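Colleague: predicted model and sequence follow; I will ask about them next.
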Amino acid sequence: MQQEPIVDVRGLNHWFGVDTARRQALYDISLTLERGSFTILMGPSGSGKTTLLTLIGCLRAVQDGSVRLLSQELNGAGEAQLVAMRRRLGFIFQAHNLHESLTAAQNVMMGAQVHTGVPDALAEKASVHLLRLVGLAERADYLPANLSGGQKQRVAVARALVGQPALLLADEPTAALDKESAAEVVDLLIRIGKARGMTVLLVTHDNRILDRADRILTLEDGRIVRDDRRAPA
């Protein structure tokens, strides 16, 4: 029996504003994301990339159309359901959003406590394991101020993974990184995603990482205009 896609979007439309200021941002978006896939969503500024990401990630309410996430319909979902669904996802953003007063390990632990509600002892064990996985075991006790940009983003990756999400959503995670650091972050996501069967949807303008995706979706003026699929690496 074929598994249902992690994400199944059908006829999705979205608007911002009201009355004469109302503007449509997404037009009839349909797409599916399969388990373990690594998809890049690209397009010019204002094309609707982040809006689509936030709708899939339960950060906005679905207005029109269908978004099925982990077999649950999001159109009509209440705030409590959206919060519960968000806790099953991983998020990475351009700004790493680390707490400057917490060490790398404590930042990852906080993700475990927020998303999984695990006891402190288990959260600490998980944070150490994930920092080792992203190559930062020796910097677990460092504050963010003492980490490079690439290292901070790897801490953010570890924090996003601590809840063992089936879907990880990343919004411009490499934009502020140099070429080498950007490649390291993306390769980490691919390697860990494949090992865990985790689906990754990454929004980017970064042409340096396009060759690493097995699918590239291009959005223009709120519409998907290209869907390029590649053989998995």
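Modeller: Structure's in. What do you need? If you're wondering where the values come from, they're calculated on a predicted model, not measured in any experiment. Numbers count the residues shown, from 1 in each chain.
Colleague: for burial, what's the neighbour tally of Gly197?
Modeller: Residues within reach of Gly197, counting by other CB atoms under 10 Å, total 11. C-beta coordinates here come from the backbone N, C-alpha and C atoms, glycine included.
Colleague: nearest residue to it other than its sequence neighbours?
Modeller: Nearest residue to Gly197, sequence neighbours excluded (CB to CB, 6 or more residues apart in numbering): Gly36, at 4.7 Å.
Colleague: the one you found should be in a strand, yeah?
Modeller: No: Gly36 sits outside any strand when classified using DSSP: H, G, I helix; E, B strand; the rest coil, being coil.
Colleague: distance check, it against Ala104.
Modeller: Gly36 sits 28 Å away from Ala104, taking CB to CB, to the nearest Å as the criterion.
Colleague: which of these two has more neighbours?
Modeller: Summary of the neighbour comparison: Gly36 and Ala104, criterion other CB under 10 Å, with Ala104 having more neighbours (28 against 17).
Colleague: could I get the phi/psi values of that one?
Modeller: Comment: the main-chain dihedrals of Ala104 come out as phi -60, psi -50, following degrees, to the nearest 10.
Colleague: what residues does it make contact with?
Modeller: 98, 131, 136, 139-144, 147, 151, 155, 158 (CB atoms under 8 Å, 6 or more residues apart in numbering).
Colleague: and the lengthiest helix in the chain, what other elements does it pack with?
Modeller: Of all segments of type helix in the chain, defined using DSSP state H, the longest is helix 179-196. Where contact means 3 or more CB pairs under 8 Å, 6 or more residues apart in numbering; DSSP states H and E, helix 179-196 is packed against strand 38-42, helix 149-161, strand 167-171, strand 199-203.
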